[in-house]
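**Q** quick one, structure for this:
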Amino acid sequence: MKAILSAPLVAGLVVSALVASTALAQTTPSLTAAISKIEAKGYKVHDIDSEGSWLEIDATTRDGVRVELIVDAATAGVLRESVDD
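**A** Numbering: from 1, shown residues only. Below is the predicted model:
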């Protein structure tokens, strides 16, 4: 059986792909900028998870203490720091 794709369906798929691509392109530089700002504060970033408007970052302080940071994704401001077990 041959599948037939309608023009509106194809257009919808193309738009969805473009939106996803644009979202990724906008997220990547902001994550890179956030990491740079956190590292400028003296942390060494090991892992980062995006949680919407905030980031969860596993890092090491200048003193070598492993910490978990909760960071505002827009400003890279540290909202909470706790020792990582």
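**Q** spell out the secondary structure type for residue 39.
**A** helix (DSSP: H, G, I helix; E, B strand; the rest coil).
**Q** residues of stretch 59-66 that come out buried?
**A** Neighbour-count burial for stretch 59-66 flags residue 59 (criterion: 16 or more other C-beta atoms under 10 Å). For glycine as for every other residue, the C-beta is placed from the backbone atoms N, C-alpha and C.
**Q** my bad, stretch 68-79
**A** Residues of stretch 68-79 classed as buried by neighbour count (16+ other C-beta under 10 Å): 69, 71, 73, 76, 78.
**Q** with adjacent residues omitted, what lies nearest to residue 41?
**A** residue 78 (7.3 Å; C-beta to C-beta, 6 or more residues apart in numbering).
**Q** all helices for this protein, in order.
**A** Along the chain, the segments classed as helices by DSSP state H run 7-40.
**Q** what stretches of it score poorly on pLDDT?
**A** For the chain, applying pLDDT under 70 flags the ranges 1-29.
**Q** before we move on, the earlier item: among the buried residues of stretch 68-79, which one lies nearest to residue 46?
**A** Among the buried residues of stretch 68-79, residue 69 lies closest to residue 46 (C-beta to C-beta), at 10.7 Å.
**Q** look up which residues are beta-bridged to that closest one.
**A** residue 57, residue 81 (DSSP bridges).
**Q** does it really touch residue 59, like I thought?
**A** Yes - using C-beta atoms under 8 Å, residue 69 makes contact with residue 59 at a distance of 5.8 Å.
**Q** list residues touching both of these two?
**A** The contact sets of residue 69 and residue 59 overlap at 38, 43 (C-beta atoms under 8 Å, 6 or more residues apart in numbering).
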